[in-house]
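Chemist: A structural model of the following input is requested.
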Amino acid sequence: MRRILQLNTHYRGGGAAAIARTLHQHLNALPGHESLFAYGRGPKSTDPRAVRFGLSAEVYLHAALVRLTGVQGYGCWYSTLRLRRLIQSWQPHLVHVHNLHGYYVELSLARWLGQRRIPVVWTLHDAWALTGRCAHPGECTRWEFGCGHCPRMWAYPRAFVDSSAWMWKRKRRLLGEDWQPWIVTPSHWLARLVCQAAGERLPIRVIPNGVDTERFRPAPDRAQLRERLGFPPTARIILLVAAKLGTAHKGIIPLLESLAQASAPEWVVLTVGAPIRLPKSVAYRLQVRQLGYISSPDALAQAYNAADVFCIPSLDDTFPTTVLEAMACALPVVGFHTGGIPEQVTERTGILVPRGDFRALCRAIAQVLQDAELQRRMRFHARQRAVQEFSLERFLRRYCSLYEELLQALPTTAVQAPGATG
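Modeler: Predicted coordinates for the structure are as follows:
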């Protein structure tokens, strides 16, 4: 029996959690495999094979320490001890780490795992491991040579004190000194950044995120669906999806302000995610309908199918699942040429414009909405690309192949017996 532990901040909520949960559920359905999902915070799951080890009090302490000192990865000593005991008790053959940030675990866990020589896969869902502070450095290049004098103190994880230079050195130990994980990135863009930071110290593999192309697929009754949602036949619907629409690097507010200046009367913006307060200039001049956060994949697929174009105005993004979901529903994609998005969207499936040029983004939206033939071609190629390149089956095969490669190379996993200390 192959035992694999999935480790992430949350069980539900966010792209990393969805990816970890998909792998967890797939492994438990495979003969000869068993997966345990360990998570640090959030609501308790009803999944009998999921364990929340974090203590809420320590999550708040950890967050407070980050805010007051800028130092990350400290403040969850007892929660981390509980996780270590869980690992010692369950004795996994392999640990798959997802997000290490999120105020739920101590960075000392890496050295502890390294001392026990437990094979580790570490999927980087963003660039947090490479910088002294933030998860999305944008155009800032200070992370390349040591950080310090951080120009993005307002970004997650927000702090009053700039400890980025010290944290940069501490995080560099995660890239080959404290442990020797296999690094997985969803995009070649992020893999290049990891190579730049870690050199040849760690093996790196690119495994693009996948999407369930059966659940996310074109609706046969799209006109009826739009009617049920209360949209007139003449409406031209622009869809925006993000868990937190107001986050600065998501670019939603600047896009809405630009659309308010350029939109046609029949344009309607449909948003999915935590509702935001619209600026007056937007509320008076642009039709915006906010659906709120949608947890049901089927309901989310309906939102994609109701739209005419999907816009992702993110200024920084690694390999957004929302783009894959939109393409699987045969929806043209418009966004910025940034991060891993150019590896998802081609000129056949959408339009990408220079990063931060919101006027060009509005023009691209107008081009798709006003050209029915262009929209038809993009719909066809978007669905085709999603099925051929980013299917859930292909994603799962790649990860399972990596697991087997590591487990066969290390048939006798060195895990201490239950009750051992370290």
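
Chemist: now residue 344: how far from residue 103?
Modeler: Counting by C-beta to C-beta, to the nearest Å, the gap from residue 344 to residue 103 is 30 Å. Yep, even glycine has a C-beta here, placed from its N, CA and C like the rest.

Chemist: these two: who's more crowded?
Modeler: Taking residue 344 and residue 103 together and counting by other C-beta atoms under 10 Å, residue 344 has the greater number of neighbours (30 against 24).

Chemist: mind checking how far stretch 223-239 is from the chain centre?
Modeler: Averaged C-alpha coordinates place stretch 223-239 at 29 Å from its chain's average position (C-alpha atoms, centre = their mean, to the nearest Å).

Chemist: hmm, I typed the wrong one, I wanted stretch 50-67.
Modeler: That offset, for stretch 50-67, works out to 21 Å (C-alpha atoms, centre = their mean).

Chemist: residue 408 is in what secondary structure piece?
Modeler: If you go by DSSP states H and E, residue 408 is part of helix 392-409.

Chemist: report all helices and strands that that helix contacts.
Modeler: Judged by 3 or more C-beta pairs under 8 Å, 6 or more residues apart in numbering; DSSP states H and E, the packing partners of helix 392-409 are strand 2-8, helix 15-29, strand 94-97, strand 120-123, strand 182-185.

Chemist: quick check: mean pLDDT of that helix?
Modeler: The average pLDDT within helix 392-409 is 95.

Chemist: run the chain-centre distance for it.
Modeler: On C-alpha atoms, centre = their mean, the centre of helix 392-409 falls 20 Å from that of its chain.

Chemist: for the chain, what helix or strand is lowest in average pLDDT?
Modeler: Ranked by mean pLDDT, DSSP states H and E, the helix or strand of the chain with the weakest confidence is helix 280-283, at a mean of 86.

Chemist: so what strands line up beside the helix or strand just after that helix?
Modeler: Per DSSP H and E, helix 280-283 leads on to strand 287-290 as the next helix or strand towards the C-terminus. In the sheet containing strand 287-290, its partner strands are strand 267-274 (parallel), by DSSP bridges.

Chemist: buried residues in the strand it pairs with?
Modeler: Of the residues in strand 267-274, those scored as buried under the neighbour-count criterion (16 or more other C-beta atoms under 10 Å) are 267, 268, 269, 270, 271, 272, 273.

Chemist: go on, stretch 129-139?
Modeler: Along stretch 129-139, these residues count as buried under the neighbour rule (16+ other C-beta under 10 Å): 129, 130, 131, 132, 133, 134, 135, 136, 137, 138.

Chemist: pLDDT of stretch 196-212, averaged?
Modeler: The predicted model gives stretch 196-212 an average pLDDT of 95.

Chemist: quick check: end-to-end length of it?
Modeler: Taking C-alpha to C-alpha, to the nearest Å, the span from the opening residue of stretch 196-212 to its closing residue is 33 Å.

Chemist: do stretch 352-362 as well
Modeler: Here stretch 352-362 reaches across 11 Å from its first residue to its last, counting by C-alpha to C-alpha.

Chemist: picking up where we left off before, return the subset of the buried residues of stretch 129-139 lying in strands.
Modeler: Among the buried residues of stretch 129-139, the subset assigned to strands under DSSP state E is empty.

Chemist: out of the residues you listed, the closest to residue 295 would be?
Modeler: Sorting these by distance to residue 295 puts residue 135 at the head of the list, at 23.1 Å, by C-beta to C-beta.

Chemist: tell me the phi and psi of that closest one?
Modeler: With angles defined as degrees, to the nearest 10, residue 135 shows backbone torsions of phi -90, psi -20.

Chemist: that one: what's it in contact with?
Modeler: 101, 126, 127, 128, 155, 156 (C-beta atoms under 8 Å, 6 or more residues apart in numbering).

Chemist: mind running it again at 10 Å?
Modeler: By C-beta atoms under 10 Å, 6 or more residues apart in numbering, residue 135 lies in contact with 99, 101-102, 124-129, 155-157, 249, 316, 318.

Chemist: ok, residue 281 next?
Modeler: Contacts of residue 281 were listed using C-beta under 10 Å, 6+ apart, and they are 256, 257, 260, 261.
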